[in-house]
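Q: model the following, please.
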Amino acid sequence: MAKIIYTQTDEAPLLATYSFLPIIAAYAKTAGVEVETRDISLAGRVIAQFPDRLTEEQRLEDALAELGELATQPEANIIKLPNISASIPQLKATIAELQSQGYDLPAYPENPQTDEEREVRARYDKVKGSAVNPVLREGNSDRRAPAAVKNYARSHPHSMGAWSSESRTNVATMGHDDFFSNELSVVMPADDTLSIVHVGADGNDTVLKEGLQVLEGEVIDGTFMSAARLDEFLEAQVARAKADGVLFSAHLKATMMKVSDPIIFGHVVRAYFADVFAQYGEQLAAAGLSANDGLGAILAGLDQVDGGAEIKAAFEKGLAEGPALAMVDSDRGITNLHVPSDVIIDASMPAMIRTSGQMWNAEGEQQDTLAVIPDSSYAGVYQAAIDDCRTHGALDPSTMGSVPNVGLMAKAAEEYGSHDKTFEIPAAGTVEVRNAAGEVLMSHEVEAGDIWRACQTKDASIRDWVKLAVTRARASETPAVFWLDENRAHDANLIALVTDYLKEHDTDGLDISVMAPAEATTFSLERIRKGQDTISVTGNVLRDYNTDLFPILELGTSAKMLSIVPLMNGGGLFETGAGGSAPKHVQQLVKEDYLRWDSLGEFFALAASLEHLAGYDDNARARILGDTLDKATETFLNEDRSPGRKLGTIDNRGSHFYLALYWAEELAKQTEDAELASAFAALATSLRENEQTIVDELLAVQGKPADIGGYFRPDAEKATAVMRPSATFNEAIASLG
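A: Prediction:
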């Protein structure tokens, strides 16, 4: 039987799965397609690391490793929902919840001292940050707005904040002594084994990383950010925000960039509260309270510290006397500096640009903002967007064009500090990257506290990326721009490779160019305002940033994008959109049994998955299911059946009902397969006749707390009961079997 693997992930997408998956399984079975699940949630990944400490009933197979292997096979057909890219606070919270559920898991060792603690830390490090995506993404990314979504956005434009030419919002970035300016890059002349070595001032070698296998043609980068210059920069930006009367905000990605960005975040917290850390820094460190974990974790831990009340008062004074902070939750007093994973750059910056270039202050009002993005690699993209809106006003979703993306990410293509090649330097010296012969390929003079990182991108991934860009440009008859800066070492090497590899393809009649990211942003926005589309062809970080920036401006959300990863060995990975709002949605469900998560991304991914399966398995019914699902989704949008914004309207569960109804009706009226049409005719009739009953049953549960048995690892039975509350609907779906 043909097979689709549907991933179980985290938070709102996981809860939505309890409602939507039974529908998928019932419909797919009519085409001889089996739908299986694999648990790649943060909790599931943690459990899989400790089989030796758990009972047989508690153990889980390493589903991520299994799917990583499957992704290299031509039969792969994986639907991947958003998952938590765990920051340390999230990981600690997950461990605590699992321990409360009876799992004998060790505490997370902050500063491992023994071999046992180091071994435990190594296991936990495997699930931190962006642990999932590099494993599954054995292909490059093709992400774009489906025609139905774009048409809907144009006819039902979302709200956009008005921009003023007097706006004082800006981006602040280092521009020197950062990852961009210090980068070195080499293209490997042959297969090799590299090591990363710290040479101390005394001449002694400390191996930071050894046994790094690389292939011929692979691009290897090394760079660092100066801690001292970072502190000087941050001190200046705190003063600048205060002087300009704008909000101070830091925009990082402490989840994906799990090594570098929590450290940078800690520098930001210490810079903002410089007086507090000057007076109490040693006391806080002795108590295990780290700025890297955020202000929230420090304040929560002060109750256990001698003189904690005095230190808390000092933090409160710092907040009162410093520049106003951008807020995550004004009502609850959660600032931009409370939790490192609360403000994720690819979601927070587009939201700010969409909303007049402003963020929320402590009074719950919008205010111009100084957005601090220390590394200058891509900060210019956001400054260019701000400058465009300040000059030309807000974009108009009813007329604007689109910026689909072709992203370089195959075979764990790296470009950021989330991997095992990023280090906080312990002492002054030199960091060298050496080949197996001991030759130094690149070196950097560093000081204690500097953040050094290496990245790698395989040649096969780059070749496939160029091929996909040409394919998309020709298929859509749209200009394609490679967002590469000749002044950056990594990009300079990629420009040379792209130039060569484009010669291997038929590019006659195609408009393909190379521009630095800020220039490409301005160019794309000029075209957008004319209603024109432009494909952005980017590396992995800009793939992540652009596929939030432009969709949030165009569509109001990035969750409505079609995200296809044509796997390099012939399979397909189908991603369902971003999960940035997932935590708030879960909190609302637990509080009042209302889930606002929009599963539109799941609908598009499923249709693409069925289409791919139909081609691979020559399954006509799978193709019909995919075609009719696309039509049903368009009806779904036109009838405005996405989750509402408040109690008393349909939520995620109601949206699934209407998708099932429209899909059944499309299947019942299709004329290619009479037997299939007959099978769905009775279901379509039943759902239509019982529409009001089903909606009433779904609405009846709203307004009271919901017990799902856990945040990071819900109880399956409880979550199913919460997410499938309509007996009438459940019976109708079951009748299809």
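
Q: from here on, just use CA atoms for contacts and neighbour counts.
A: Will do.

Q: neighbours of residue 307, how many?
A: 12 (other CA atoms under 10 Å).

Q: er, residue 343 actually
A: Neighbours of residue 343 (other CA under 10 Å): 24.

Q: give me phi/psi at it?
A: phi -110, psi 100 (degrees, to the nearest 10).

Q: got a pLDDT number for it?
A: pLDDT recorded at residue 343 is 91.

Q: and the gap between it and residue 186?
A: 33 Å (CA to CA, to the nearest Å).

Q: next: residue 56.
A: 48 Å.

Q: those two: who's more crowded?
A: Taking neighbours as other CA under 10 Å, residue 56 and residue 186 compare with residue 186 leading, 17 against 9.

Q: just grab the bridge partners of that one for me.
A: residue 220 (DSSP bridges).

Q: any stretches of the protein with poor pLDDT?
A: Within the chain, the stretches with pLDDT under 70 are 1, 417-418, 578-581, 737.

Q: please repeat the previous calculation with a cut-off of 80.
A: Within the chain, the segments meeting pLDDT under 80 span 1-2, 129-130, 415-419, 559, 577-583, 737.

Q: outline the domain layout of it.
A: 2-138+567-735, 180-225+417-454 (automatic domain parsing).

Q: could you dump the ones you listed into TSV and include distance to residue 247?
A: Converted to TSV, the domains of the chain look like this (distance: least, CA to CA, whole Å):
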stretch	distance to residue 247
domain 2-138+567-735	22
domain 180-225+417-454	25
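
Q: of those, which approaches residue 318 most closely?
A: domain 2-138+567-735 (23.4 Å; CA to CA).

Q: gap between the two ends of that closest one?
A: End-to-end distance (CA to CA), domain 2-138+567-735: 22 Å.

Q: stretch 322-337 now?
A: Start-to-end span of stretch 322-337 (CA to CA) is 13 Å.

Q: off-centre distance for that stretch?
A: 23 Å (CA atoms, centre = their mean, to the nearest Å).

Q: same thing with stretch 454-465?
A: 20 Å.

Q: cool, stretch 499-519 as well?
A: 27 Å.

Q: return the set of buried residues in that stretch.
A: By 16 or more other CA atoms under 10 Å, the buried positions in stretch 499-519 come out as 501, 502, 512, 514, 515, 516, 517, 518, 519.

Q: list every C-alpha atom in stretch 648-663, with coordinates, as PDB.
A: Presented in PDB, the C-alpha positions along stretch 648-663 are these (Å, rounded to 0.1, in the frame of the first residue of the first chain):
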ATOM      1  CA  GLY A 648     -18.500  31.700  19.400                       C
ATOM      2  CA  THR A 649     -17.000  31.400  16.000                       C
ATOM      3  CA  ILE A 650     -15.600  28.200  14.500                       C
ATOM      4  CA  ASP A 651     -12.100  27.400  15.500                       C
ATOM      5  CA  ASN A 652      -9.600  24.900  14.100                       C
ATOM      6  CA  ARG A 653     -11.900  22.000  14.600                       C
ATOM      7  CA  GLY A 654     -14.700  23.700  12.700                       C
ATOM      8  CA  SER A 655     -12.400  24.600   9.900                       C
ATOM      9  CA  HIS A 656     -11.600  20.900   9.600                       C
ATOM     10  CA  PHE A 657     -15.200  20.000   9.400                       C
ATOM     11  CA  TYR A 658     -15.800  22.500   6.500                       C
ATOM     12  CA  LEU A 659     -12.700  21.300   4.600                       C
ATOM     13  CA  ALA A 660     -14.000  17.700   5.000                       C
ATOM     14  CA  LEU A 661     -17.500  18.800   3.700                       C
ATOM     15  CA  TYR A 662     -16.200  20.700   0.700                       C
ATOM     16  CA  TRP A 663     -13.700  17.900  -0.100                       C
END
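
Q: quick one, strands of the stretch 51-200 of the chain?
A: With strands called from DSSP state E, counting those that start in this stretch, the stretch 51-200 of the chain shows them at 77-80, 141-144, 170-172, 184-187, 192-200.

Q: kindly apply the preceding question to the stretch 551-700 of the chain instead.
A: Going by DSSP E, counting those that start in this stretch, the stretch 551-700 of the chain shows strands at 562-566, 572-575.

Q: tell me which of these sits most buried.
A: strand 572-575 (a mean of 27; mean count of other CA atoms under 10 Å).

Q: residues in contact with that strand: which ones?
A: Strand 572-575 is contacted by residues 71, 76-82, 136-137, 562-567, 601-602, 605-606, 608-609, 612 when judged by CA atoms under 8 Å, 6 or more residues apart in numbering.

Q: that concludes my questions; thank you for your assistance.
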